[in-house]
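Asker: Prediction below, plus the sequence it came from.
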Amino acid sequence: MKTERIDLPQHELPCKWYNIAPDLPRPLDPPLHPGTGQPLTASDLAPIFPMALLQQEMSNEPFIEIPDDVREVYKYYRPTPVFRARNLEKALDTPAHIYYKYEGASPAGSHKPNTAIAQAFYNKQEGIKRLSTETGAGQWGCALSMACSIFDLKCAVYMVRISFEQKPYRRVMMETWGAECFPSPSERTATGRKVLAEYPDTPGSLGIAISEAMEDCLQHDDTHYALGSVLNHVMLHQTVIGEEALKQMELAGEYPDIIIGCHGGGSNFAGMSFPFAGRKLREGLNTRIIAAEPQASPTLTRGPFAYDFGDLSGMTPLLRMYTLGHGFIPAPIHAGGLRYHGAAPLVSLLLNTGVIEAQAFHQVECYEAALLFARTERWIPAPETSHAIRCAITEAEKCKLTGEKKVILFNFSGHGLLDLSGYDKFLHGELTDYAMPDEDLRQGLASLPKIPGG
Ligand SMILES: *Cc1c(COP(=O)(O)O)cnc(C)c1O
């Protein structure tokens with residue numbers, strides 16, 4: 001069978017990121033100061049982020065130039081290919097055309113370097129010497145460690161303890177690139193010590209690790225903090241994915257009817273879909289745009305749209321987003337990158353205004369989809385990515401029933417070569433689903449801060 005790989009020549013690497021802010025159906029609700037509850041100013045955030053990123057965070061310009069130094073580093077692995085999944089289509093016997101954009105080609109193995117490289121660059125430019133961050137399963141920690149080594153910055157990563165202990169390989173990658181990696185909760189911060197005193201056996205959570213990384217940043221004058229998802233500037237940097245995909249679909253001579261990305265904090269989903277969502281909003285297209293999330297952490301499908309903190313101890317700004325409550329600790333599914341209580345405010349607003357939709361999937365059905373994908377298209381997907389694949393297969397199966405020849409495009413956010421233990425369990429029938437009980441939702445939502453009108 002013919003392999004349909006749609007490549008962009010290197011000189012077509014986008015020169016600009018796309019900012020969806022000016023195309024939104026209504027403006028974003030302002031981020032609020034965690035102490036006062038008043039709208040935040042750029043100077044409130046100056047101790048943790050460089051000015052260039054804060055300007056992007058609040059920008060209303062539709063396009064923002066990608067610095068030449070960042071484009072040069074992107075050329076390591078960009079433009080990334082789009083593939084037509086002919087073998088998968090055949091196995092499903094569907095009239096749908098399925099395309100996927102392969103973001104597993106970066107040195108870190110996922111889409112995350114698209115923003116890590118930009119963030120390291122702007123921090124370096126402003127004279128910062130060290131970055132602190134958190135990581136769940138380790139993909140973001142790896143991406144930032146790699147980017148820091150390019151721009152000669154030190155890097156401190158707080159890694160959710162259960163992953164630190166059960167998935168050592170990403171820690172080894174971070175250390176190989178010269179970063180320091182600590183299990184979170186750690187004894188290095190007040191938040192870490194408090195959680196350890198109360199729950200010595202805690203598996204940790206992203207919310208705890210964010211608190212620790214922010215504390216580390218505030219304790220060190222030469223250090224800024226970096227976040228791998230959720231914030232507007234992260235969504236912005238990731239749009240290089242969708243900007244490329246727009247051109248690649250043009251080369252393929254098709255325009256997607258359905259666009260899909262898996263959703264943890266929203267960055268790969270936004271990166272792929274925002275350029276298409278912008279066209280939908282400006283030109284009145286009826287493209288369906290679907291965020292695929294886990295049933296064990298169903299932020300978009302079951303959470304309220306409310307102001308909440310991004311971390312456990314309430315150090316981050318309050319953001320209006322879909323949330324399960326900052327005290328919510330998701331079940332230990334293998335898709336560690338999707339275990340987050342909140343969602344990007346930009347993605348949340350698009351969901352709230354009906355521009356996009358969300359669907360939740362169980363762990364086992366996602367592994368089934370990943371296995372079919374690996375046996376037809378050969379790439380072994382990350383457990384996070386398997387949610388997008390499950391969603392794409394479900395839509396393609398609907399096309400089989402209706403006979404519709406829909407064009408489906410999904411983002412392949414990363415490869416699963418360091419996540420084989422989940423496959424091992426699945427192949428031996430040891431994997432189970434975790435549906436989130438209503439009681440956990442009630443408890444998580446009890447942690448929502450009381451904001452007037454929020
Ligand atoms: C981190 C990660 C995700 C989830 O994060 P988003 O910000 O929602 O994209 C998804 N897929 C992979 C491979 C990841 O590493």
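Answerer: Alright, I've got the coordinates.

Asker: So which residues on the protein come close to the ligand?
Answerer: 110, 112, 139-140, 229, 262-269, 337-338, 382, 384-385, 413-414 (C-beta under 6 Å from any ligand atom). Where C-beta positions appear, they are placed from N, C-alpha and C, glycine not excepted.

Asker: where are the low-confidence patches of the protein?
Answerer: Where the chain drops to pLDDT under 70, the residues are 1, 452-454.

Asker: Quick check: which element contains Asn411?
Answerer: strand 407-412 (DSSP states H and E).

Asker: Neighbouring strands - and their directions - for that strand?
Answerer: Paired strands of strand 407-412, with direction, are strand 97-102 (parallel), strand 258-262 (parallel) (DSSP bridges).

Asker: buried ones in the first one?
Answerer: Neighbour-count burial for strand 97-102, counted by 16 or more other C-beta atoms under 10 Å, picks out 97-102.

Asker: what are the bridge partners for the residue of the stretch 351-454 of the chain found nearest the ligand, then?
Answerer: With C-beta to the nearest ligand atom as the measure, Gly414 is the residue of the stretch 351-454 of the chain nearest to the ligand, at 2.7 Å. Using DSSP bridges, the bridge partners assigned to Gly414 are Ser110.

Asker: So it sits against Gly104, correct?
Answerer: Yes: between Gly414 and Gly104 there is a contact under C-beta atoms under 8 Å: 5.2 Å.

Asker: I'd like to know how far the residue in the stretch 51-200 of the chain that the ligand sits nearest to sits from Val160.
Answerer: Using C-beta to the nearest ligand atom, Gln139 is the residue of the stretch 51-200 of the chain that sits closest to the ligand, at 3.3 Å. Distance of Gln139 to Val160, computed by C-beta to C-beta, to the nearest Å: 12 Å.

Asker: And Met214, by the same measure?
Answerer: 15 Å.

Asker: who has more neighbours, those two?
Answerer: Using other C-beta atoms under 10 Å, the more surrounded residue of Met214 and Val160 is Val160, with 28 against 25.

Asker: For that one, what are phi and psi?
Answerer: phi -50, psi 130 (degrees, to the nearest 10).

Asker: now do His387
Answerer: phi -70, psi -40.

Asker: my read: it touches Ala291, true?
Answerer: No: contact criterion C-beta under 8 Å: His387 and Ala291 do not qualify, at 9.2 Å.

Asker: Now do the shared contacts for these two.
Answerer: Here His387 and Ala291 have 262-263 as joint contacts, going by C-beta atoms under 8 Å, 6 or more residues apart in numbering.

Asker: The two: which is more packed in?
Answerer: Just comparing His387 and Ala291: by other C-beta under 10 Å the higher neighbour count belongs to His387, 34 against 31.

Asker: Could I get the contacting residues of the more buried one?
Answerer: Applying C-beta under 8 Å, 6+ apart, the residues near His387 are 262-263, 292-294, 335, 338, 361, 366.

Asker: go again using 7 Å as the cut-off
Answerer: By C-beta atoms under 7 Å, 6 or more residues apart in numbering, the contact set of His387 is 262, 292-294, 335, 338, 361, 366.

Asker: picking that back up, spatially nearest residue to the residue of the stretch 51-200 of the chain closest to the ligand (excluding sequence neighbours)?
Answerer: In space, and not counting its chain neighbours, Gln139 is closest to Ser110: 4.9 Å by C-beta to C-beta, 6 or more residues apart in numbering.

Asker: for Pro9, same thing?
Answerer: Pro79 (7.8 Å).

Asker: for the one you found, helix, strand, or coil?
Answerer: On the three-state scheme (DSSP: H, G, I helix; E, B strand; the rest coil), Pro79 is labelled coil.

Asker: Phi first, then psi, for it.
Answerer: phi -60, psi 140.

Asker: what's the answer for Met321, then?
Answerer: Dihedral angles (degrees, to the nearest 10) for Met321: phi -160, psi 170.

Asker: For it, which residues are in contact?
Answerer: Met321 neighbours (C-beta under 7 Å, 6+ apart): 308, 342-345, 348.

Asker: Please report how far Phe203 lies from the ligand.
Answerer: You called it Phe, but residue 203 is Pro. Distance of Pro203 to the ligand, computed by C-beta to the nearest ligand atom, to the nearest Å: 18 Å.

Asker: Dihedrals phi and psi, that residue?
Answerer: Given degrees, to the nearest 10, the pair of backbone angles that Pro203 has is phi -80, psi -10.

Asker: Would you confirm that it contacts Ala331?
Answerer: No: using C-beta atoms under 7 Å, Pro203 is not in contact with Ala331; the gap is 10.1 Å.

Asker: residue contacts, Gly337?
Answerer: Counted by C-beta under 7 Å, 6+ apart, Gly337 has contacts 136-137, 139, 264, 384.

Asker: Inside helices: which ones of those?
Answerer: Residues of these located in helices (DSSP state H): Gln139.

Asker: and the residue nearest the centre of the chain, backbone torsions?
Answerer: Note on the chain: the residue nearest the mean C-alpha position is Ser267, at 3.7 Å, using C-alpha atoms, centre = their mean. Dihedral angles of Ser267 (phi, psi; degrees, to the nearest 10) stand at phi -70, psi -40.
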